[in-house]
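Novice: Sharing a model that was predicted from the sequence below.
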Amino acid sequence: MNASSQPLVHIHNVTKTFKRGFEDLHVLAGLDLAVQEAEFLALMGPSGSGKSTLLNLIGGLDRPTSGIIRIGEDRVDQLSDRQQALWRARHIGFVFQFYNLLPALSAGHNVELPLLLTNLDKAGRRRHVAAALAAVGLPDCASQFPRTLSGGEQQRVGIARAIVTDPTVLLCDEPTGDLDRKAGDEILTLLQKLNKDFGKTIIMVTHDPHASARASRTVYLDKGRLSDQPSA
Amino acid sequence: MTRPSLLLSVALFNLRSLPERKAAAITAAIGIAGVVGVLVGVLAIAQGFQRAMTVAGAPDVAVVLRSGADSEMTSGLNRADTRIIGDAPGVARTANGPLTTAELFAIISLPKRSTGTDANVPLRGVEPGAFEVRGNIKIVRGRRFATGRNEVIVGAGAAHAFAGLDVGQHIKVGQNAWEVVGIFTAGGGIAESEIWADTAVLQPAYQRDDNFQSVSVKLESAAAFQEFSKFLTNHPRLSVKVMRQAEYYAEQSTSVTRFITTIGVFIASLMALGALFGALNTMYSAVAARTREIATLRALGFGSGPVIFSVLLESVLLSLAGGGLGAAAAYFLFDGYRASTINWQTFSQVTFAFNVSPALLGKALGFATLIGIGGGLFPAIRAARLPIAAGLRES
């Protein structure tokens, strides 16, 4: 997807301003970030520092007020809504804090959802779903519904859904935030495995230093700016 | 372009979550069932009335009235006129002569069985040819009246709606009592609302001398109408209006049918407005309840098309389910139900059966579909426009 010398994720001079009544809220102020392919980056910072906003911008769920967001060869900030949707389907896998599984669908159908946007036939989709569930350690859970699974298992299904299309980048927003320590550790181990064994590029937003310790690099966001050290 | 299979997949996934919102969904469907049931019920009245007025309208039967008359009530013909009409070209004949019936039309007052209050009933004096001219008259109880006697036969609709019209009972017309000797059907047509007697006996009872109000004529064929009509309207001694029977009855039914239809559509429209808001509320609630699911789908790469389609489809299916329920209820409750109403052309009661036809059921389901589209469209657009990032954080 990108030349080896170029970072996979390239963010340059990005600002994001929200309107709150008559007031402008500057969440990101001229932010620069580069993430290499196969890197596992942890993004930390206090609440309201703009971590999720940055993740949404990288994932094409929102647009910057100004600046450049390039993933591989694609200028994400310049894509139309429709192009962004197609781009997300091809290149991004999302892992959410509260799993965001569709409760009316079985685990298998939840994992199958992103594959509906591909040209795979039903048999092909079924193979991919089985492989993804096996990769997260839930090979026999395809027919189970989310309400019958534990939080850790639901998050594994969420990760299977995120990786089933073999996306360019995995974006994880507090993936262990709703789990106990043991289940959280299992999820972090799984993410590490995906990074190390399968070369997945992962950007993970977290509050938890224990989680960030599993990443290959950690950056800190505060008052709209990034640094390599937490602010005092 | 979004693939149809993709639209369908997302829509089906959406429908699977319907049981989680069943209370709101059932409420909306029942509201729509009520609207459709009322619409079908009222339109079944109009359709039944129109059917009663037009079912007897054979294409090879003509009705002759005085020129300028818009109904038998305002028409008048004398014996000489009826002879010219009987001798006109195109009239079917038997060994007994031309197939015509010169008729007298009067109104009598009888108590309705349902309320006990008096209402106008048409009393028609007919000649023996009336049975062959109309062709669909069938005596279902008793016998035909005898010529020259104070006897009447009663249409099945009139016998059902009015008291004192059973075989063997007597009705008072003028100074005389007339015995009911038979009950007849006329294929569900307007004649079933009437009482028939021998014209020759009815004329003196109403002091009409040898005058009539209409002549009905059986033609050699439907095509003979032009020749028949041209002959009569150009005849120097006649001033008449000639119509096919079907055309005459259709004209007679127009104002009442239009009135009932207008009232029905007006009432149903008001109710539909309520149902539309009900559907809107249900679908807005559905979208609100599914905000995170919709945002998740969109984050995964699903465009606005499948989201809009899934919300619209749910709304339309709910409306169709409600509409089907309402239409079925209306069919079982109303189809064939007998009632009577006044025909403003003759100021007399017409009995008819509510008619819930397949076409009417089709219209009702079309109406329900429109409510579904109306109720789902704006929530669907709202769902498609939800900010994804904010939607993902909804609990």
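Specialist: Happy to help now that I have it. Residues are numbered from 1 along each chain as shown, chains lettered A, B, ... in the order given.
Novice: Next, count neighbours for residue 50.
Specialist: By default, I'm working from chain A. For residue A:50, the tally of surrounding residues (other CB atoms under 10 Å in any protein chain shown) stands at 26. Bear in mind the C-beta positions are built from the backbone N, C-alpha and C, glycine included.
Novice: wrong one, chain B
Specialist: There are 21 residues near residue B:50, going by other CB under 10 Å.
Novice: mind checking which helix or strand it is in?
Specialist: Following DSSP states H and E, the helix or strand that holds residue B:50 is helix B:22-54.
Novice: center of chain A - which residue?
Specialist: residue A:171 (1.1 Å; CA atoms, centre = their mean).
Novice: Name the residues of the helix holding residue B:50 that come out as buried.
Specialist: By neighbour count on 16 or more other CB atoms under 10 Å in any protein chain shown, the buried set for helix B:22-54 is B:24-25, B:28-29, B:31-54.
Novice: can you tell me the helix or strand for residue A:153?
Specialist: Residue A:153 is part of helix A:151-163 when elements are defined by DSSP H and E.
Novice: so the helix or strand that comes right after that helix versus helix A:151-163, what angle?
Specialist: Sequence order places strand A:169-173 as the next helix or strand after helix A:151-163, per DSSP H and E. Inter-element angle recorded for strand A:169-173 and helix A:151-163: 150 degrees (by axes from the mean of the first three to the mean of the last three CA atoms, to 10 degrees).
Novice: excluding its backbone neighbours, what's nearest the closest residue to chain A within the stretch 51-200 of chain B?
Specialist: Among all residues of the stretch 51-200 of chain B, residue B:51 sits closest to chain A, at 47.5 Å; criterion: CB to the nearest CB. Across the structure, with CB to CB, 6 or more residues apart in numbering or on different chains as the measure, the residue nearest residue B:51 apart from its sequence neighbours is residue B:355 (5.1 Å).
Novice: Tell me which residues are up against stretch B:311-319.
Specialist: With CB atoms under 8 Å, 6 or more residues apart in numbering or on different chains as the contact definition, stretch B:311-319 has outside contacts at B:11, B:14-15, B:18, B:25, B:28-29, B:32, B:279, B:282-283, B:286-287, B:368-369, B:371-373, B:375-377, B:379-380, B:383.
Novice: Among these, which are located in helices?
Specialist: In helices, judged by DSSP state H, the following of these are found: B:11, B:14-15, B:25, B:28-29, B:32, B:279, B:282-283, B:286-287, B:368-369, B:371-373, B:375-377, B:379-380, B:383.
Novice: Measure how buried residue B:177 is and give me the count.
Specialist: By the other CB under 10 Å criterion, the neighbourhood of residue B:177 contains 11 residues.
Novice: check contacts around it.
Specialist: With contacts taken as CB under 8 Å, 6+ apart, residue B:177 has the following neighbours: B:150, B:170-171.
Novice: Is it within a helix or a strand, and which one?
Specialist: In this structure, residue B:177 is located in strand B:176-185 according to DSSP H and E.
Novice: Now the element after that strand, going C-ward?
Specialist: Toward the C-terminus, strand B:176-185 is succeeded by strand B:195-198 as the next helix or strand (DSSP H and E).
Novice: contacting residues around the next helix or strand after that following strand?
Specialist: Next along the chain after strand B:195-198, taking DSSP H and E as the criterion, comes helix B:199-205. Contacts of helix B:199-205 with the rest of the structure, by CB under 8 Å, 6+ apart, involve B:102-104, B:106, B:123, B:125-127, B:147-150, B:173-176, B:208-212.
Novice: Just give the nearest non-adjacent residue to whatever residue of chain B ends up closest to chain A, would you?
Specialist: Nearest residue of chain B to chain A (CB to the nearest CB) works out as residue B:301 at 2.6 Å. For residue B:301, the nearest residue in space outside its immediate sequence neighbours is residue A:89; the separation is 2.6 Å by CB to CB, 6+ apart.
Novice: For the contacts of residue B:177, give me CSV that also has distance to chain A, pLDDT and neighbour count.
Specialist: Written out in CSV, the entries for the contacts of residue B:177 read as follows (distance: CB to the nearest CB, whole Å; pLDDT from 0 to 100; neighbours: other CB atoms under 10 Å in any protein chain shown):
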residue, distance to chain A, pLDDT, neighbour count
B:150, 77, 92, 19
B:170, 72, 93, 13
B:171, 69, 92, 21
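Novice: can you confirm the residue nearest to residue B:301 is in a strand?
Specialist: No - looking at residue A:89 with DSSP: H, G, I helix; E, B strand; the rest coil, it is helix, so not inside a strand.
Novice: Does it touch residue B:297 like I think?
Specialist: No - shown here, residue A:89 and residue B:297 do not form a contact pair, counting by CB atoms under 8 Å, at 10.8 Å.
Novice: pLDDT below threshold where in chain B?
Specialist: In the prediction, chain B carries residues with pLDDT under 70 at positions B:1-3, B:55-56, B:344-348, B:395.
Novice: So which bits of it are right by chain A?
Specialist: Residues of chain B lying close to chain A (CB under 8 Å from any CB of the partner chain) are B:5-6, B:9-10, B:13, B:16-17, B:19-20, B:292-293, B:296-304, B:387-389, B:392, B:395.
Novice: Just the buried subset of the residues you listed, please.
Specialist: If you count burial by 16+ other CB under 10 Å, the buried members of the residues of chain B next to chain A come out as B:6, B:9-10, B:13, B:17, B:292-293, B:296-304, B:388-389, B:392.
Novice: what's around residue 225, how many residues?
Specialist: You didn't say which chain, so I picked chain A. Per other CB under 10 Å, the neighbour tally for residue A:225 reads 16.
Novice: Actually, chain B is the one I wanted.
Specialist: With neighbours defined by other CB under 10 Å, the count for residue B:225 comes to 21.
Novice: Leaving out chain neighbours, which residue sits closest to residue B:308?
Specialist: Leaving aside its sequence neighbours, residue B:308 sits nearest to residue B:380 (CB to CB, 6+ apart; 4.3 Å).
Novice: Next: residue B:391.
Specialist: In this structure, residue B:391 finds its nearest non-sequential neighbour in residue B:295, 2.7 Å apart by CB to CB, 6+ apart.
Novice: Report the beta-bridge partners for residue A:41.
Specialist: Beta bridges link residue A:41 to residue A:203, residue A:217 when assigned by DSSP bridges.
Novice: what residues are up against it?
Specialist: By CB under 8 Å, 6+ apart, the contact set of residue A:41 is A:35, A:202-204, A:215-219.
Novice: follow-up on the earlier one: as a markdown table, the contacts of residue B:177 with distance to residue A:157 and secondary structure would be great.
Specialist: Written out in a markdown table, the entries for these read as follows (distance: CB to CB, whole Å; DSSP: H, G, I helix; E, B strand; the rest coil):
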| residue | distance to residue A:157 | secondary structure |
| --- | --- | --- |
| B:150 | 91 | coil |
| B:170 | 86 | strand |
| B:171 | 83 | strand |
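Novice: now, which of the residues you listed sits nearest residue B:308?
Specialist: Distances from residue B:308 to the contacts of residue B:177, taken as CB to CB, are shortest for residue B:171 (66.4 Å).
Novice: Surely the closest one and residue B:178 touch.
Specialist: Yes - with contact defined as CB under 8 Å, residue B:171 and residue B:178 form a contacting pair (5.3 Å).
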